[in-house]
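S.K.: Generate coordinates for the sequence data below:
(chains A, B, C and D)
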There are 4 protein chains.
Amino acid sequence: MVNPLQEEKVFKDPVHKYIYVQDQTIWDLINTREFQRLRRVRQLGTCFLTFHGAEHSRFSHSLGVYEVTRKIISQFERNQYEDWPRHERLLCLCAALLHDVGHGPFSHSIEKTFGTHHEAWSCRIVLGETEVNQVLRQVAPDFPQKVADVIAKTYNKEIVVSLVSSQLDADRMDYLLRDAYYTGVNYGTFDLERILRVMRPYQGHIVVKESGMHAVEDYLMSRYQMYWQVYFHPVTRSAEIVLHKIFQRAKQLYEEKYRFRFLLPPLLGLFEQKLTVQDYHLLDEAFMQTVFMQWTYEEDEVLSDLCSRFLERRLFKYVTLDRIDTGLLDKLRGEMKRIGIDPAYYVEIDFPSDLSYDIYRPGEEDEKLPILLLDSKDSLTEISRKSEIVRSISGIHMGKYHLYYPGEFVLNHGAELGPDLRRLLQL
Amino acid sequence: MVNPLQEEKVFKDPVHKYIYVQDQTIWDLINTREFQRLRRVRQLGTCFLTFHGAEHSRFSHSLGVYEVTRKIISQFERNQYEDWPRHERLLCLCAALLHDVGHGPFSHSIEKTFGTHHEAWSCRIVLGETEVNQVLRQVAPDFPQKVADVIAKTYNKEIVVSLVSSQLDADRMDYLLRDAYYTGVNYGTFDLERILRVMRPYQGHIVVKESGMHAVEDYLMSRYQMYWQVYFHPVTRSAEIVLHKIFQRAKQLYEEKYRFRFLLPPLLGLFEQKLTVQDYHLLDEAFMQTVFMQWTYEEDEVLSDLCSRFLERRLFKYVTLDRIDTGLLDKLRGEMKRIGIDPAYYVEIDFPSDLSYDIYRPGEEDEKLPILLLDSKDSLTEISRKSEIVRSISGIHMGKYHLYYPGEFVLNHGAELGPDLRRLLQL
Amino acid sequence: MVNPLQEEKVFKDPVHKYIYVQDQTIWDLINTREFQRLRRVRQLGTCFLTFHGAEHSRFSHSLGVYEVTRKIISQFERNQYEDWPRHERLLCLCAALLHDVGHGPFSHSIEKTFGTHHEAWSCRIVLGETEVNQVLRQVAPDFPQKVADVIAKTYNKEIVVSLVSSQLDADRMDYLLRDAYYTGVNYGTFDLERILRVMRPYQGHIVVKESGMHAVEDYLMSRYQMYWQVYFHPVTRSAEIVLHKIFQRAKQLYEEKYRFRFLLPPLLGLFEQKLTVQDYHLLDEAFMQTVFMQWTYEEDEVLSDLCSRFLERRLFKYVTLDRIDTGLLDKLRGEMKRIGIDPAYYVEIDFPSDLSYDIYRPGEEDEKLPILLLDSKDSLTEISRKSEIVRSISGIHMGKYHLYYPGEFVLNHGAELGPDLRRLLQL
Amino acid sequence: MVNPLQEEKVFKDPVHKYIYVQDQTIWDLINTREFQRLRRVRQLGTCFLTFHGAEHSRFSHSLGVYEVTRKIISQFERNQYEDWPRHERLLCLCAALLHDVGHGPFSHSIEKTFGTHHEAWSCRIVLGETEVNQVLRQVAPDFPQKVADVIAKTYNKEIVVSLVSSQLDADRMDYLLRDAYYTGVNYGTFDLERILRVMRPYQGHIVVKESGMHAVEDYLMSRYQMYWQVYFHPVTRSAEIVLHKIFQRAKQLYEEKYRFRFLLPPLLGLFEQKLTVQDYHLLDEAFMQTVFMQWTYEEDEVLSDLCSRFLERRLFKYVTLDRIDTGLLDKLRGEMKRIGIDPAYYVEIDFPSDLSYDIYRPGEEDEKLPILLLDSKDSLTEISRKSEIVRSISGIHMGKYHLYYPGEFVLNHGAELGPDLRRLLQL
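M.R.: As a prediction, the model looks like this:
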């Protein structure tokens, strides 16, 4: 049951100026405890350690994704496009708002170590015994399932899924603008209003009028720049690595029956991979930071040291490598071990494009729907076939290897190292 | 010992574009654990519950205050003003950077309940056994004391103190711009570059060329608007009140020997007003939010309810009152008590101008140094004597009373209330 | 006959991002030669000689006024306010677009000298044999008259008039934002979107919800600052004075039957105050600047000198005076005459508030409709009765006298002057 | 003789916030009549007919180029780079300020028709009997020649020339930002401050630190987008074509001894290609627009029609063609002639990349100095060898043919055309 608010409500938002809420369901969802929890999870994880302004939460971003979706749909409705399925409006808005509701603190590192998956958690929250589920059920008994299907990209209408999740979706459009705003870089800016004006529902797809190709190029270029300037910044990667090492160490200790000085219930669920929805609710960034702070007092020196490093931002140093010499790296690890530093926690090779890096790559095994241009003769073409710029961005694999290690190691032991290792570490 | 960095370092900052670090001392201070802790304390406390974008930390603001101070001094040096004591440069920069280092989580509420004071804590951190102190001592043995004196406003040169703390100081100039940026309102914007250009060191004061009067009016008007639109926003006040009630309740329970399910060391220090510098370090917003989250499971229903309210943003509702009818309020409290709601924790009268509200009020018992205009004949006049705008802002006491109470009370019991109480609550 | 465009057309606009045209009538009006002529008339007259960025035309501004009006009306329609007369939409939009169509080049000076009046000319263009008139007649035979009535503020529905012309009208909202944007000052910025959201049609008036009072204060404060920082800037005033002197001199010469080397027809119409609509069309800023350029070759030295001054920006210098000593001024004029400088063209006293200066002054003989606040009990109050800020701005008459004169006079003859004149000129 | 101003002067500028003048020479140059003339020449020629905000002048841009140059040099001086020839500072600043002083009205079209060249004119103004020359000679007798050499790119130090004229010069950096600002598009924005920070004087070149590669990519991408979105916009091209036809027609008529109703001296100089510096001064955009306006009354119908079209913005329509069928075009011309329309003035094929289009093309016969990256081992590499993005932009020739013609031709005669011409015109 669609239930419009008597009076539109607004949130002041730095990126979209205002966010407009017109439905009781949306209003109620925002006020659930599960959605409010997103205020305690940063949108960009560890990135604030590189760009201090990037302290914004997934709460802000989720409102933004909702607002971009609302704007797109409102444009579709105003222009009365026939190919737009009007009755799916509320479903799209709810899915847009909730698609990140399952994000935990520092998701990437936690997911990597403990096998959780934020999308799966979003669905569990939508379908489980939660306030979110209660609100959704008031629309219709099968409404929560529909929302979960859209989030899981299994909903049977591409057009609905693609608003929230495709190469040109509300999610990305908000986060590029928002992350650019909060970090202060101007790589992420593009003309949102223009892109919205050239989007069309067409034969079950969301497509873009060909005349808008340059605007889309600009958006893809923003994405490209944001990845290399912000998301893959080596300092941010260094923080991710320290974080990942903390989780690895803690997991290892737990498996070895180490007695933690500080261990609250949701951690147990995490370690044993038996998290309940209730546990998950407790697991926000405030909690994790408190855990790290308490763990600086742990007896295990590796855990305590890594936690201090993270909190006090004494991250790993790095050198950039064109290629990997496995023998040399083994030698480095051996040298560390000799000195008493455990290389399992204090050396790491990182290669950005190992990540699911999300640069536009049409035709690859990427699950994201591609961007289609609609020309004046009503035929559709995938954008990289028309745009050399897009082609050039799509094919790029410019990542380099970075070798991360504690700066103190070099400071204290650099002089003892042989010439090959000194060369490796660029001393 | 002043020790310039071999190569200038920069931070990307959304407000000032870049923040430039040119001294080893500043760089080292930023990297201390005490300064890094400011990343875990929000600049605007509970304001993010009204303006979701306002999630920025005191870390960002402190860098900003440093940068504004650096810009002012660099302008003074470039113009070779004789009245500027050049050798105080590093002292000013350090005091600017560190003036907020003693801020705890949700300072206002905690200070009100437990009698801590952030300025005193800044001095304790500067003078105590801390990394900050170590870095400062490398400049000169008496340097930490000087920095503490500037922060405490007891340093014997007004011109140094006034850069960091006066009616037109680097602190306010940064926070108005920054809070406006992050909340997304445009009330706080003024022409920083122009104001910096009209500031002059003059006979031991920082003064403003008369030709810059309108720019200063604009700045004061921004301040006025930010206070009434953002800082005193009734929803932010509501969150402050819930927070304050949490602390009050916890203190009360502790005094009554209640057995907390969850109680970590720094809380003991707080309750017993015996916090060490080490305790204080643990006491950040991540910690406090974790405590609130754990306290939602406490047996004490008042404490548990208030904590849930705060975390899930179920704040108190309010009505605006022109004046206070004590009898009627007592009646309301009685009615609540009858129903089983403790009015000590569930009703509150708030009057914004009760706060130290910081609107420009020359001549009052305000400790802040006033703004002096320097005219073409080299005479000084306090700005409100020349500007009617400033006069009009200065004299204003437009606050109204707000009565805060839980929305559920009215929902469940509103119908049972007498006509006078119904009128009071505007039902 | 209302005739929507098949496809919305847009103009890229720096202030409003996009300007949306939805009606054939509006589109056709924009394409008339009379409206295109506004591209050749600067919005801020001589202000570009002070703020070099202020080179924008009345064409841009007129589109902006149209767009603000369109936004207001669209908000009224979306919210389905009963007090809004829906059928007046196109009339409002046309009047908004055309209200300045009668502006000539450097209007203020020309109007002052030759008694033309831009509002009257707007009506003549709307009603005369013009392309504009043709387009309007296609809506209905009496439509041009209606548009003229709204522009002349004699239309019988206040609500229609007040959108285009009141203390809070689309005209001012656009020009404050636009002039701030192009000059680069940030005094003129206010939250347009918020103001639009608190405007309401109510019992034949446009009113503002009381909760929006601070936003309106901010808007009025912008106006106040723009007047004193930009519009009344003494250098801009100096250019206005030189311009006025040019027109005065030319008129005088014409009356004295002086034989101009260069004299094109529309000038004759102007001199004889018999301009036809056709003449008027030729009279744009390009034309006037060409005339000035040609007149630098006139034999009359006063005219030729004044024209050079204007084109080469050798404006008059000024001193600020608290009060006027008529005797002393006469002495100065005498001194000039003695040297051979005609004081009628080379000295001027200017007092900004002599102008119709447009600061908000409720209750004065100002023809502009005041700003009314609508409170929660549906009663209306004029804003200055509730806002001290507005009161303080409204009552201010802070203008000072400025005495303008050629810098060369002082350079060449300053030393010969007596002590009283030297004091007057602050030598 | 370098002569610093006693007090720095500033201009408010929307793009750079403030423009700082620190030398008497610069101040005096700005106040010459030749430089003030630039206020009467639009920076973007006919582009304001597409983007109405683009009404800014070459005066504004020239100040901007000066300011960017000043910032670069000031950074070089602050960092005390040895490879920077400090004594060339004033020369660079003067050349930056004056490089466009020879621009006439609607330069491209006039240059194409009458063979003038703005760079040559800049040198004539610098070297001729002008106020500019007088000011420059006060620095040193050979200073005007040096300035002319830098403008003509024949000065013997590449590093000086490249600041004002290279692939990454102050000229382009200002115009991209400025044109983006005034048109309102956001394609032209890039991080100027960051680019300035990574520029270095190095062995006689201006180079860029490799770590700044992405920032330069972003700048080149802006350039690419600005060309295709703004400078080559088909409507702007249409206006250029109409303009060019006006000049062609006038020249033709003059050669045929046609008696113009309106013909002022500088036009004669232009027609006979014997312009004096004095003539040139009169030849601004105000003049040309006045000429066009007067010519709307000429007896020659082609001239009069083309002038009306330009002033009233009744430009040519266009269709986009993948390739050119010469036979078909001849047929179209024949058809026009038959109807009485002269195809020499009413049909045109345009191919954007025919223009000197200024996309970054390393290694081509382009006279502009390429962008060199400086890596950590102090070796230099041309940027397109490291950046795939730059490579992809450089190689692109995506221009299409556009066929321009009067819309009325199709409206009135479209139905009479054969199927092949109808297909050509996409009817």
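
S.K.: can you tell me the residue of the stretch 101-250 of chain A closest to chain B?
M.R.: Closest residue of the stretch 101-250 of chain A to chain B, CB to the nearest CB: A:Gly184 (3.3 Å). (C-beta placed from N, C-alpha, C; glycine too.)

S.K.: how far away is that residue from A:Lys71?
M.R.: Distance of A:Gly184 to A:Lys71, computed by CB to CB, to the nearest Å: 25 Å.

S.K.: shaky segments in chain A?
M.R.: Per-residue confidence for chain A (pLDDT under 70) gives these ranges: A:1, A:353-367, A:395-398.

S.K.: ok, 50 please
M.R.: Across chain A, the ranges flagged by pLDDT under 50 are A:354-358, A:365.

S.K.: Residue ranges of each domain in it, please.
M.R.: By the assignment in automatic domain parsing, chain A contains the domains A:4-227, A:233-315, A:316-358+A:400-427.

S.K.: Which single residue of the stretch 251-400 of chain A ends up nearest chain C?
M.R.: Taking CB to the nearest CB as the measure, the point where the stretch 251-400 of chain A comes nearest chain C is A:Ser376, at 13.0 Å.

S.K.: Need the nearest residue in space to that residue, chain neighbours excluded.
M.R.: Distances taken as CB to CB, 6 or more residues apart in numbering or on different chains put A:Glu210 closest to A:Ser376, at 7.0 Å, once the chain neighbours are dropped.

S.K.: can you check A:Tyr231 too?
M.R.: Closest residue in space to A:Tyr231, ignoring its immediate chain neighbours: A:Cys47 at 7.3 Å, by CB to CB, 6+ apart.

S.K.: pretty sure that neighbour is touching A:Thr236, no?
M.R.: Yes. Between A:Cys47 and A:Thr236 there is a contact at 5.0 Å, judged by CB atoms under 8 Å.

S.K.: okay, those two: which has more neighbours?
M.R.: Comparing A:Cys47 with A:Thr236 by other CB atoms under 10 Å in any protein chain shown, the one with more neighbours is A:Cys47, at 24 against 21.

S.K.: Now do the contacts for that one.
M.R.: Residues in contact with A:Cys47, defined by CB atoms under 8 Å, 6 or more residues apart in numbering or on different chains, are A:54, A:179, A:183, A:230-231, A:233, A:236, A:239.

S.K.: tell me which parts of the stretch 51-200 of chain A are close to chain C?
M.R.: By CB under 8 Å from any CB of the partner chain, the residues of the stretch 51-200 of chain A that approach chain C are A:79, A:193, A:197.

S.K.: Buried residues in the host helix or strand of A:Asp330, which are they?
M.R.: When elements are defined using DSSP states H and E, A:Asp330 is found to belong to helix A:326-339. For helix A:326-339, a neighbour-count test (16 or more other CB atoms under 10 Å in any protein chain shown) marks A:329, A:331-333, A:335-336 as buried.

S.K.: quick one: which of those is nearest to A:Glu299?
M.R.: Each of those was scored against A:Glu299 by CB to CB, and A:Met336 proved nearest at 21.6 Å.

S.K.: how many neighbours does A:Arg70 have?
M.R.: Applying the criterion other CB under 10 Å, we find 23 residues in the vicinity of A:Arg70.

S.K.: now A:Arg314
M.R.: Residues within reach of A:Arg314, counting by other CB under 10 Å, total 17.

S.K.: Next: A:Gln252.
M.R.: The local packing of A:Gln252 (other CB under 10 Å) involves 15 other residues.

S.K.: Please apply the same query to A:Ser379.
M.R.: Residues within reach of A:Ser379, counting by other CB under 10 Å, total 10.

S.K.: do you know how far it is from B:Arg422?
M.R.: For A:Ser379, the distance to B:Arg422 equals 67 Å [CB to CB].

S.K.: go on, A:Ile30?
M.R.: Remark: distance between A:Ile30 and B:Arg422 (CB to CB) = 30 Å.

S.K.: Same question for A:Glu298.
M.R.: In this structure, A:Glu298 and B:Arg422 are 57 Å apart, going by CB to CB.

S.K.: If you count surrounding residues, which of the two has more?
M.R.: The neighbour count for A:Glu298 versus B:Arg422, taken as other CB under 10 Å, is higher for A:Glu298 (20 against 14).

S.K.: The host helix or strand of A:Gln22 - which strands sit beside it in the sheet, and in what orientation?
M.R.: A:Gln22 is part of strand A:17-23 when elements are defined by DSSP H and E. Strands that pair with strand A:17-23, judged by DSSP bridges, come out as strand A:4-13 (antiparallel).

S.K.: list the buried ones in the strand it pairs with?
M.R.: Of the residues in strand A:4-13, those scored as buried under the neighbour-count criterion (16+ other CB under 10 Å) are A:11-13.

S.K.: Closest one to chain D out of these, please.
M.R.: Nearest to chain D among those is A:Asp13, at 18.6 Å by CB to the nearest CB.

S.K.: Need the nearest residue in space to the closest one, chain neighbours excluded.
M.R.: The shortest distance from A:Asp13 to any residue other than its chain neighbours is 4.9 Å, reached at A:Ile19 (CB to CB, 6+ apart).

S.K.: Kind regards, and thank you for your time.
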